[in-house]
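Trainee: What would the 3D arrangement of this be:
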Amino acid sequence: MTRDMSNRPYRMKLRAELQERTRRRITESALELHGTLGPSRTSISAVAEHAGVRRSTLYRHFPDEAALFVACTGHWMEANPQPELTSWAAIADPDARLREGLAELYAYYRRTESMFVNVLRDETTMPIVARMLAFYRDFLAGAGEAMMVGRGERGYARRRVRAAIGHALAFATWRSLAREQGLDDAVAAELMCGLVAAARNAR
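Mentor: Next up, the predicted model:
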């Protein structure tokens, strides 16, 4: 008696789809916990429980913490793309570029605030979080360079302007202005543009 193999491709496809759904559910559960509790306060057991799977199932999809973090970072970045530096570079006037860039960046920070609060807090105590945040550090470095294009300052004046821009781009700066001081994003951005102008004109 021979086995009926006609349904095998369908069963394999269904199995692959179920595995992908489980993997996605685990990833999204970890992301939700990272955004509410933070990575340092999120255990593998908590992720498995939140996803409704056993620890053994989680480990079949993610053999270690690093694999889970890589998946989480990729999934989160896909859902929360950073502002496009190329669109900023297309603005010729440096002051207009700064104003537009800060408006986009501060809107991004507002959307992603909970996650940034938690991962930046845990960055100093969890090396894996620091590694996963490389994308953000690279973005800030690129944003700072983009904001300096076309500026005519030289020497120490340029250092002052670059420092002011770096301060303006930081998440901590936005959070201080928006949350602690209660400014809306447009006012916060305008205030930071004023700081950069003051750094440029200081004697």
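Trainee: alpha carbons only for contacts and neighbour counts from here, please
Mentor: Noted.
Trainee: Settle this for me: Gln82 is touching Tyr108, isn't it.
Mentor: Yes - with contacts counted by CA atoms under 8 Å, Gln82 reaches Tyr108, the gap being 7.2 Å.
Trainee: phi, psi of Val149?
Mentor: Phi and psi for Val149, reported as degrees, to the nearest 10, are phi -60, psi 130.
Trainee: any idea what sits nearest it, other than its immediate chain neighbours?
Mentor: Among residues not flanking Val149 along the chain, Pro94 sits closest, at 6.9 Å (CA to CA, 6 or more residues apart in numbering).
Trainee: Against Ala107, how distant is that neighbour?
Mentor: From Pro94 over to Ala107 the distance is 20 Å, taken as CA to CA, to the nearest Å.
Trainee: Identify each buried residue in stretch 68-76, please.
Mentor: Residues of stretch 68-76 classed as buried: Leu68, Phe69, Val70, Ala71, Cys72, Thr73, Trp76 (neighbour count, 16 or more other CA atoms under 10 Å).
Trainee: Alpha carbons only: can I get that stretch in PDB?
Mentor: Extracted in PDB, the C-alpha atoms of stretch 68-76 (Å, rounded to 0.1, in the frame of the first residue of the first chain):
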ATOM      1  CA  LEU A  68      15.300  37.300  19.600                       C
ATOM      2  CA  PHE A  69      16.700  40.800  19.900                       C
ATOM      3  CA  VAL A  70      17.800  40.800  16.300                       C
ATOM      4  CA  ALA A  71      14.300  39.800  15.200                       C
ATOM      5  CA  CYS A  72      12.700  42.400  17.500                       C
ATOM      6  CA  THR A  73      15.000  45.200  16.200                       C
ATOM      7  CA  GLY A  74      14.200  44.400  12.600                       C
ATOM      8  CA  HIS A  75      10.500  44.200  13.200                       C
ATOM      9  CA  TRP A  76      10.400  47.400  15.200                       C
END
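Trainee: Show residues contacting that stretch.
Mentor: If you take CA atoms under 8 Å, 6 or more residues apart in numbering as the criterion, stretch 68-76 is touched by Thr27, Glu28, Ala30, Leu31, Phe62, Ile128, Met132.
Trainee: Would you enumerate the residues in contact with the fourth one?
Mentor: If I follow you right, that is Leu31. The neighbours of Leu31, taking CA under 8 Å, 6+ apart as the test, are Cys72, Trp76.
Trainee: Could you say which helix or strand holds it?
Mentor: helix 8-36 (DSSP states H and E).
Trainee: All set, thanks.
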